[in-house]
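Undergrad: Fold the following and give me the result.
(chains A, B, C and D)
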4 protein chains.
Amino acid sequence: MELAIVGLGRMGGNMVKRLLRDGHRVVAYNRSPGPVREAEAAGAIGAYSLEEVVERLSPPRVVWLMVPAGEPTEQMVERFAALLGSGDILIDGGNSYWKDSVRRAEWLRERGIQFLDVGTSGGIWGLELGYCLMIGGEEAAFRIVEPAFRTLAPENGYRHVGPSGAGHFAKMVHNGIEYGLMQAYAEGFEILQASPYKYDLSGLANLWNHGSVIRSWLLELAERAFRRDPRLESIRGYVEDSGEGRWTVLTAIEEDVPAPVITLSLQMRFRSRQADSFAAKVAAALRREFGGHAVVTAETTHDEDT
Amino acid sequence: MELAIVGLGRMGGNMVKRLLRDGHRVVAYNRSPGPVREAEAAGAIGAYSLEEVVERLSPPRVVWLMVPAGEPTEQMVERFAALLGSGDILIDGGNSYWKDSVRRAEWLRERGIQFLDVGTSGGIWGLELGYCLMIGGEEAAFRIVEPAFRTLAPENGYRHVGPSGAGHFAKMVHNGIEYGLMQAYAEGFEILQASPYKYDLSGLANLWNHGSVIRSWLLELAERAFRRDPRLESIRGYVEDSGEGRWTVLTAIEEDVPAPVITLSLQMRFRSRQADSFAAKVAAALRREFGGHAVVTAETTHDEDT
Amino acid sequence: MELAIVGLGRMGGNMVKRLLRDGHRVVAYNRSPGPVREAEAAGAIGAYSLEEVVERLSPPRVVWLMVPAGEPTEQMVERFAALLGSGDILIDGGNSYWKDSVRRAEWLRERGIQFLDVGTSGGIWGLELGYCLMIGGEEAAFRIVEPAFRTLAPENGYRHVGPSGAGHFAKMVHNGIEYGLMQAYAEGFEILQASPYKYDLSGLANLWNHGSVIRSWLLELAERAFRRDPRLESIRGYVEDSGEGRWTVLTAIEEDVPAPVITLSLQMRFRSRQADSFAAKVAAALRREFGGHAVVTAETTHDEDT
Amino acid sequence: MELAIVGLGRMGGNMVKRLLRDGHRVVAYNRSPGPVREAEAAGAIGAYSLEEVVERLSPPRVVWLMVPAGEPTEQMVERFAALLGSGDILIDGGNSYWKDSVRRAEWLRERGIQFLDVGTSGGIWGLELGYCLMIGGEEAAFRIVEPAFRTLAPENGYRHVGPSGAGHFAKMVHNGIEYGLMQAYAEGFEILQASPYKYDLSGLANLWNHGSVIRSWLLELAERAFRRDPRLESIRGYVEDSGEGRWTVLTAIEEDVPAPVITLSLQMRFRSRQADSFAAKVAAALRREFGGHAVVTAETTHDEDT
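TA: Predicted structure coming up:
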């Protein structure tokens, strides 16, 4: 089929390749022209403005956004709303907040434009293995884009999961679960690493992936990470987060649903980014006040206390 | 090779079958004789006393215990210590506490008997798919039993992971991680289930297993569970635990390692088994005391408050 | 001084009494007229419409709202914005979200009206003991209302804590801390109650309030609650929340600050309100899938499993 | 009355002073002789060996241990068991594990010696304000020592709470609660400190202590700490723990009681003592594996990432 990919970053660029490889006609656009030229070299039809994107497609046009969530996506939606026509389809494949997607779908619907929110998982492995696609929006629009979904996903790896917002909601929860899974493995490996046994963590991860209850793709990745650096000495325990975990917690709170593990996983990431903890300072100060317990002063160097 | 399986419950019985199927000579013992006769019918050599177990094996004898952790295992170790001779090998394939295994290994070593602690994962699927085996103890004893390990495990599914106790320690942490993974998925599915979207949870689990970052065997099992009962209406949220999660938390505390996600997963299981929470009563009582807030009385029927 | 109290519920009504008792001239308004008549009987000047409220005050008018947060407060702010004049002061003494207070202060400032956000703690005890008042807004407005603050609070119990929003922000965090304190005591009492020792919980609470590190007003209230009902048999462990705990968690997440104890305290309240836990169902279902473990079925009556 | 204090550290030394001040006859012993001489100068009867302790008392002798929990207490109990006679009373006023106290009470009972386990709270403030005493053991022994309890405690500050072990169990839970309270306040102050409002934290703690729901002695101490160092810049967020919090968690797990807030408070202390988190390294490594996300390398200096 024919569609445009807008945003040729790590994800968008790979998706163009995967689509071209399967014979689709792909219009490729990026804010900076370099990646467009690369895409052209790979067989895509380059577009150097949003107007060109629309011109190079025939109705019903399918435009797939792969730009950062928040303002960049908001602006793209607004600009394409002015350029696309009735019956055209706009897809947001980024990590947008599901309530934004509900709002955008409604706003575009009033303008005759169909909207699909597509939660996309797979990371840098998607090019080779395919992306898992959770798709929200109208069934009719889903059917039109299905040939592209089939190409981008592995077998059984795409699905229409509900009305507008349902795709990004599912992706949000997916990432919340992901935080919890990562933290569970991480705690387990720390307990192993702190034990008297000098475990080969890569070997153990490999072993567990053969027949144990906890086998998973993340555990395969853990095996790779430990094989490369058995005690992870080259990296710091500094863990970013990209928003979906926060939204999962907020959504759980709005639903009155307890989600302690997902929440703690997020908060331990916050803690990992603090050089020192103000809360811990307060606790240390209180212990000094009531018990006369010694505190570690700010001047103490890092090595003394470990 | 030749070995005895002592304890023909769900796990032990299946292991006998898997060993026989691959041509091993298996002596089978169980406290009650019924499962022994079944094993005989399947090709095993029955033994109706521990003495018979030892008589039917030739040195170096290999006796593999598959009995419940705690007292039953303790008694079996003591009784076999009196029956086995120098160079014989006793294996504990149950879910024993790793410190017990360290102690037993030392105690048996003084008696000339070798001990292997084998953490065994795979559940009821082990018969078909093989068991993941985490093996602690002397390398020499491991080598002797390796043909049986190779049969019981799937390819690459067994490994000598360290000295005595290392097998059960690894299994303990494995189960701690398992608790965390299960709770992470469980919270995610609850957030989905409480959402305005009427997700097909089985379909979503299936989808996530094709290309997403959170694909895993547990998620495949979740898909099966939701396929059978889409909203889990037939079961209660009552979750048992079998000890390893507790030990993981205790070990983490002994190591000064924070393990919030594993700990919370255990504690939410405790909570699931409480018809009412005394702590919540205290909180409700305090709210009434300071704010005059209404409490739900004990007489209120269950349905009114939900 | 002279001021109006708008909203004569449990808090507002008591505040009127406390103000009258100290000789202030109080205009009292309530949506339904009953409480206005009661206030009149106690010495207040009744007002039966917002217009009357404004008429009965002389500039600079001080109008103190004690109405529920959210829509009711929003509407009152809008209506008084139309009635009050330049230099008048509007106070929100309810539990509003601090970002709403920042917004309202700015909006009123454009209309020449000063705004104070006053976090108010003390519950039903405030009438007798005084209310703790955390006050945000302009210093000048604070000075004008200070005589009323002095009356309403116990000695040293009111304070200008910062610009607009700072009062409600402080009150929000106050309540988040409160959730954590309550949960900490509640868990401790549950551990005592589940112990082999048949503790007199009221006596222990009383004891701890004399010289121990954990003495506090909440612990005094716990003593009262246990004295009345030693095992809290008359009430259910069903704990409501009124918003500030949620906002505290959201704010912590916005700040990238880990707040595990406050968060868990909120989430255990959510859990207390669930007759059954969907997450626990998922965990139970997974255990059955991999281990063949029995589940408790939905038909099982409540008593059997405890 | 007449009694011996064994162990003249910060707690024991102050207790001697408080007892002398109230007219009791106090025999004072310490492993090193310096503190004994000090106690003699203050009016105590010095003892330079355990034998002298016993000789200087008349039956029924009362010996109160204030030595560190674990081995030091164990040895003292064993040595006094050999020196004391039938009807004498041995008191453990330290932070012993309650199960040890149950065991010691039984062991001493067989030797005719009575044992009291006395949980003692109050820290360095006890000298001035009195200690809160939670007393386990036989009622008869409690009655004999009551005059000393009355002196050491503030009014209503001592109580016989149950049979042997009940005193230390209550103290253990007291400290578990204390961890939770401290963490709740600590998180609250961190949320305030990270806010756009430049709160005077000492002033806010002072304010909350006048009429708010969260007023407490710990909050008074927080006020002192912030007055001395408004942003706690002089100290590090490094928080020790002294055992009771761990035992509270273990006991909760043995009781199948969820105690998330107490547990998390303990684990955040563990985290505060880690210069880097291995679990966080694992999470960062996994993010790199699946998403190509950048990691912070070990070489990055501390300042760059905050």
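Undergrad: doesn't A:Gly123 make contact with A:Asn14?
TA: No: shown here, A:Asn14 and A:Gly123 do not form a contact pair, counting by Cβ atoms under 8 Å, at 9.8 Å. Just so you know, the C-beta spots here come from the backbone N, C-alpha and C atoms, and that holds for glycine as well.
Undergrad: Any part of the helix or strand harbouring A:Ala225 near chain C?
TA: Taking DSSP states H and E as the criterion, A:Ala225 maps to helix A:217-228. No: between helix A:217-228 and chain C, judged by Cβ under 8 Å from any Cβ of the partner chain, nothing touches; the nearest distance is 15.6 Å.
Undergrad: For chain D, tell me whether that helix is touching it.
TA: Yes: against chain D, helix A:217-228 shows contacts by Cβ under 8 Å from any Cβ at A:Leu218, A:Leu221, A:Ala222, A:Arg224, A:Ala225.
Undergrad: any low-confidence regions in chain A?
TA: Along chain A, segments meeting pLDDT under 70 span A:299-306.
Undergrad: can you give me the helices for it?
TA: Under the criterion DSSP state H, helices of chain A are mapped to A:10-21, A:34-41, A:50-55, A:71-83, A:98-110, A:126-129, A:139-152, A:166-193, A:201-208, A:217-228, A:244-254, A:260-272, A:278-291.
Undergrad: So what angle separates the directions of the second one and helix A:10-21?
TA: Which is helix A:34-41. Computed by axes from the mean of the first three to the mean of the last three Cα atoms, to 10 degrees, the angle separating helix A:34-41 from helix A:10-21 equals 10 degrees.
Undergrad: Give me the residues contacting helix A:34-41.
TA: For helix A:34-41, the surrounding residues in contact (Cβ atoms under 8 Å, 6 or more residues apart in numbering or on different chains) are A:Leu8, A:Gly9, A:Gly13, A:Val16, A:Val26, A:Ala28, A:Tyr29, A:Asn30, A:Gly46, A:Ala47, A:Tyr48.
Undergrad: separation between the fifth one and chain D?
TA: Distance, A:Val26 to chain D, by Cβ to the nearest Cβ, to the nearest Å: 22 Å.
Undergrad: Identify the residue nearest that residue in space, chain neighbours excluded?
TA: A:Ala44 (4.6 Å; Cβ to Cβ, 6 or more residues apart in numbering or on different chains).
Undergrad: Which residues are in contact with that neighbour?
TA: A:Ala44 neighbours (Cβ under 8 Å, 6+ apart): A:Ile5, A:Val16, A:Leu20, A:Val26, A:Val27, A:Ala28.
Undergrad: Now the closest residue to chain B within the stretch 201-306 of chain A. Nearest residue, chain neighbours left out?
TA: With Cβ to the nearest Cβ as the measure, A:Ser216 is the residue of the stretch 201-306 of chain A nearest to chain B, at 3.2 Å. Distances taken as Cβ to Cβ, 6+ apart place B:Ser216 nearest to A:Ser216, at 3.2 Å, with adjacent residues excluded.
Undergrad: How many residues are close by that neighbour?
TA: 23 (other Cβ atoms under 10 Å in any protein chain shown).
Undergrad: and if you look at the one 10 residues further on?
TA: As a burial measure, B:Phe226 scores 23 neighbours (other Cβ under 10 Å).
Undergrad: ditto for A:Ala39
TA: Other residues near A:Ala39 come to 25 when the count uses other Cβ under 10 Å.
Undergrad: A:Pro59 too?
TA: 12.
Undergrad: from what I can see it touches A:Asp88, true?
TA: Yes: using Cβ under 8 Å, A:Pro59 makes contact with A:Asp88 at a distance of 6.3 Å.
Undergrad: nearest spatial neighbour of A:Arg150, skipping sequence neighbours?
TA: In space, A:Arg150 comes closest to A:Tyr158 once its chain neighbours are excluded; the distance is 6.8 Å by Cβ to Cβ, 6+ apart.
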